[in-house]
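Q: Fold the following, please.
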Amino acid sequence: MTESADHAPRVIRLIRRPGHDGVGLFSITKDQRTYYYVFKEIPCNIGGRGFEVHRLGLASVYHVRVSAPRESSCDCLGFLSRGRCKHVQGLAALIGHNLL
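A: Next up, the predicted model:
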């Protein structure tokens, strides 16, 4: 299936699995731009799996909960405005492929 420029695929790559310190690294690429994120799994008392995600080069830190689709959440502006974001989708994909 070919996608138009308006719907370019987003690709997530696990670059480093979480080590003994629990810290891992993934990248998200779309439209020939790649962003790198350091992440660590954190406790989630309300169900699902919690992650603290930091985009390298920015001071932004996001708290992401991956659970059932309608129960997942992120505190980034994308999720707050649209109810979905690349952080939730990316981490859910990594979990779905048994990479985390």
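Q: CA only for contacts and neighbour counts going forward, please
A: Fine.
Q: what about the strands in the chain?
A: Using DSSP state E, the strands found in the chain span residues 11-16, 23-30, 33-42, 49-55, 61-66, 73-74.
Q: now for the last one, which elements pack on it?
A: Right, the one you point to is strand 73-74. Packing partners of strand 73-74 (3 or more C-alpha pairs under 8 Å, 6 or more residues apart in numbering; DSSP states H and E): strand 61-66, helix 86-96.
Q: Could you dump the strands of the chain into TSV and include distance to Gln89?
A: Shown next, in TSV, are the strands of the chain (distance: least, C-alpha to C-alpha, whole Å):
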stretch	distance to Gln89
strand 11-16	9
strand 23-30	11
strand 33-42	14
strand 49-55	13
strand 61-66	9
strand 73-74	10
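Q: Compare those strands and give me the one nearest Gly83.
A: Proximity to Gly83, assessed across these by C-alpha to C-alpha, is greatest for strand 73-74 (7.8 Å).
Q: Might you report the residue contacts of the residue nearest the centre of the chain?
A: Nearest to the geometric centre of the chain sits His87, at 2.7 Å (C-alpha atoms, centre = their mean). Residues near His87 by C-alpha atoms under 8 Å, 6 or more residues apart in numbering: Val64, Cys74.
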